[in-house]
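Let me see the structure of the following:
(chains A, B and C)
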Amino acid sequence: MNFREVVIAVSIALMVLLLAYVIEAGGLGPIAPQRLRELAASYLLNTYNPWNIIQSAQSLEAVTAIVWDYRGIDTFFETSVLFISIVGVSLLFRGYREKAGISNRGLSEIVKTSTKILSPLILISGLSIAIHGHLTPGGGFQGGSFIAVLLVLLSVVFSLDFVVERGLSTSRLLVLRSLGLLGVLATSVALLVVGLLTGVNAYIFQNMVREGASLSMPPWFLDRPTGGTLLFFNVFEALAVAAGLSLAFIVLSLRREEVEEALEKGEWYE
Amino acid sequence: MELVPISIAAISALLSVVATYLAVRSRDMMSAVVFSAIQSTAYALIYYVLMAPDIVLVYVPVSVGILPAVTILLIKKTERYEK
Amino acid sequence: MSDPVSLLFTVLILSLVVNIGISLYGVFTRPSLVKKFISLTIFSDTLNSFAIALGFRRVVEGYPSIAVLASIPEDVSELAVVANTAVDPVPQALVLTAIVIGLAVYMFLAGLIVMYYRHYRTTHVRPAGGGSIE
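I've put the predicted structure just below:
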């Protein structure tokens, strides 16, 4: 990076500023609207609405309600895409074998100690974000990426051997990942199975009482709203995202000795 | 009242333009990753000002945390300077 | 210049447009696959920012609030108050999943680039088409 590039970059930013001034002076600028779109208004009015429970998700947070209730099937298939791309990463490096004792030095003692202090805090805040996803901003995706950051941090600071020795090998992470996806699947068909067994009408991805289907997940736990299925979806999705992303990171950071055997056989990428 | 947050968003947007240009132009991949992380931080500020806390919570660990780590790993396994 | 907020919003949107241009320039003209990878992540982030900016709105007085109910409502009228001040939650819900799925797909792409480097001993794109770097 030399001085000339910085000057060009700053002058591009100045050009943006002046162009914005010209557009605005001509009265052509984009103006943020004042009225809300009707779809958004309907979601906001019904996300927690005990007076109109037929259309409500009983979740205080509108975004989680849209992600896992109103547009639940969409999110389920997006989770499947996540699963497929993680499978693709491990397929690219197939034939590797995890070995212990190649190098387990990691970074310096100062970094290790501060990471030891930080890691429980990251884990707890990630779990808190995931479990309170229907009450405060957050949810399964956010909590899962927080916990994945923790695993990335551990594998960088303490070396890969540390993580594998603590029982988080890639095969076990793949099992956790599949458990998360199966949990999402089981939660989405739970009320349907109950309805089939008791002979009552029910839908897939049903959360609260709907028209013609009287079954409902519990909307309250003690004195807190649970959002019905949203709590389970958030917990399972956090497990799936955390295990999946850290699995992909560990597979990508495998060392030369571990993939060497697979490469020697390697007629498959010739 | 709404002038302060929107001006923070506009300044971060201008900063992200500078960071994006330097990230695309620099020949050293390592500094490109650093500029890309600066651009991600500016975007996280913009999301915060545009009242999207869910996106901030997912964007900060993903684009400021994991993605630079993956890219640095990629550079470590391939080559650092662009020919 | 009647409304400075509108000017600042224009600066925000125009910066995103220029970012799309710069990152597409990176994807098209830089020869290194790693540089293309970095430019592509910037491009997708910018598109997500457009969706978020689409969901922003202005309210009659004060600043809009987040799309979350701060407390359990006692009455139906409290819901209308939230709907009058909150931003649009639909683009946020769409972008939320797109970011995480995007990260997983980028990890797959990173694995592909590592495999490319092991095969051709370079990250330059030209050997893939049978040409040489020089």
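
Check whether A:Val63 really touches B:Leu57, as I assumed.
No - with contacts counted by CB atoms under 8 Å, A:Val63 stays clear of B:Leu57, the gap being 10.4 Å. Every residue, glycine included, has its C-beta placed from N, CA and C.

what helices or strands is the strand or helix carrying C:Ile20 leaning on?
Assigned by DSSP states H and E, C:Ile20 belongs to helix C:4-29. Here helix C:4-29 touches helix A:3-25, helix B:3-25, helix C:33-55, going by 3 or more CB pairs under 8 Å, 6 or more residues apart in numbering or on different chains; DSSP states H and E.

anything in the helix or strand just after the last one sitting right up against chain A?
Elements were assigned by DSSP H and E; along the chain past helix C:33-55, the next helix or strand is helix C:76-85. Yes - Helix C:76-85 is in contact with chain A by CB under 8 Å from any CB of the partner chain, via C:Val76, C:Leu79, C:Ala80, C:Val82, C:Ala83, C:Asn84.

Just give the number of residues close to C:Leu54.
The local packing of C:Leu54 (other CB atoms under 10 Å in any protein chain shown) involves 17 other residues.

could you list every residue that touches the nearest residue to A:Ile8 once chain neighbours are set aside?
Distances taken as CB to CB, 6 or more residues apart in numbering or on different chains put B:Tyr21 closest to A:Ile8, at 6.9 Å, once the chain neighbours are dropped. Counting by CB atoms under 8 Å, 6 or more residues apart in numbering or on different chains, B:Tyr21 touches A:Glu5, A:Ile8, A:Ala9, A:Ile12, C:Ile22.

Contacts for stretch A:188-198 next, please.
Applying CB under 8 Å, 6+ apart, the contact partners of stretch A:188-198 are A:72, A:76, A:200-206, A:213, A:215-217, A:229, A:233.

Scan those residues and report the most crowded one.
In the contacts of stretch A:188-198, the most neighbours by other CB under 10 Å go to A:Phe233, 29 neighbours.

what about it, which helix or strand?
helix A:229-252.

still on that earlier bit, list the residues that contact both of A:Val63 and B:Leu57?
Shared contacts of A:Val63 and B:Leu57 (CB under 8 Å, 6+ apart): A:Pro137.

More neighbours: the two, which one.
It is A:Val63, of A:Val63 and B:Leu57, that has more neighbours when counted by other CB under 10 Å, with 30 against 26.

hang on, that one is in a helix, isn't it?
Yes - secondary structure of A:Val63 (DSSP: H, G, I helix; E, B strand; the rest coil): part of a helix.

List the residues that contact it.
A:Val63 makes contacts with A:Pro137, A:Gly139, B:Asp54, C:Ala67, C:Val68, C:Pro89, C:Gln92, C:Ala93, C:Leu96, as judged by CB under 8 Å, 6+ apart.

secondary structure class for the closest residue to the second one other than its chain neighbours?
Same thing as A:Gly139. Once flanking residues are discounted, A:Gly139 sits nearest to A:Gly133: 3.4 Å by CB to CB, 6+ apart. Secondary structure state of A:Gly133, per three-state DSSP, is coil.

wouldn't A:Gly133 be in contact with A:Leu230 here?
Yes - between A:Gly133 and A:Leu230 there is a contact under CB under 8 Å: 6.9 Å.

Phi and psi next, for residue 112.
You didn't pick a chain, so chain A it is. Main-chain torsions, A:Lys112, degrees, to the nearest 10: phi -60, psi -40.

what's the burial count for it?
13.

Can you check what pLDDT the model gives it?
You'll see A:Lys112 listed with a pLDDT of 90.

any chance of the helices and strands packed on helix C:4-29 in CSV, with mean pLDDT too?
Converted to CSV, those look like this (pLDDT from 0 to 100):
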stretch, mean pLDDT
helix A:3-25, 91
helix B:3-25, 92
helix C:33-55, 92
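
Tell me, please, the helix or strand in the chain that averages the lowest pLDDT.
As the question left the chain open, I've gone with chain A. The weakest-scoring helix or strand in chain A, judged by mean pLDDT, DSSP states H and E, is helix A:256-265 (a mean of 70).

Chain C, not that one
In chain C, the helix or strand scored least confidently by mean pLDDT, DSSP H and E is helix C:76-85, which has a mean of 85.

So which elements touch the following helix or strand past it?
Next in sequence after helix C:76-85, counting helices and strands by DSSP H and E, comes helix C:89-120. Under the contact definition 3+ CB pairs under 8 Å, 6+ apart, helix C:89-120 sits against helix A:38-46, helix A:62-65, helix A:72-92, helix A:140-157, helix A:229-252, helix B:53-59, helix B:67-77, helix C:33-55.

Which one of those helices lies nearest to B:Val17?
Taking CB to CB, helix C:33-55 is the member of these nearest to B:Val17, at 10.4 Å.

Can you tell me the centre-most residue of chain B?
Centroid-nearest residue in chain B, with CA atoms, centre = their mean: B:Ser40, separated by 2.0 Å.

residues touching the closest residue to that one other than its chain neighbours, list them.
Among residues not flanking B:Ser40 along the chain, B:Ser63 sits closest, at 4.1 Å (CB to CB, 6+ apart). Contacts were defined as CB under 8 Å, 6+ apart; by that measure B:Ser63 touches B:Ala37, B:Ser40, B:Tyr43, B:Ala44, C:Thr41, C:Asp45, C:Ile99, C:Leu103.

And B:Met51, how close does it get to C:Arg57?
9 Å (CB to CB, to the nearest Å).

which one of those two has more residues nearby?
Shown here are B:Met51 and C:Arg57; by other CB under 10 Å, B:Met51 has more neighbours (25 against 19).

give me phi/psi at the more buried one?
Torsion angles at B:Met51 (phi, psi; degrees, to the nearest 10) stand at phi 60, psi 50.

So it sits against C:Phe56, correct?
Yes - counting by CB under 8 Å, B:Met51 touches C:Phe56, with 7.0 Å between them.

okay, and the common contacts of those two?
Jointly contacting B:Met51 and C:Phe56 under the rule CB under 8 Å, 6+ apart are C:Pro64, C:Val87.
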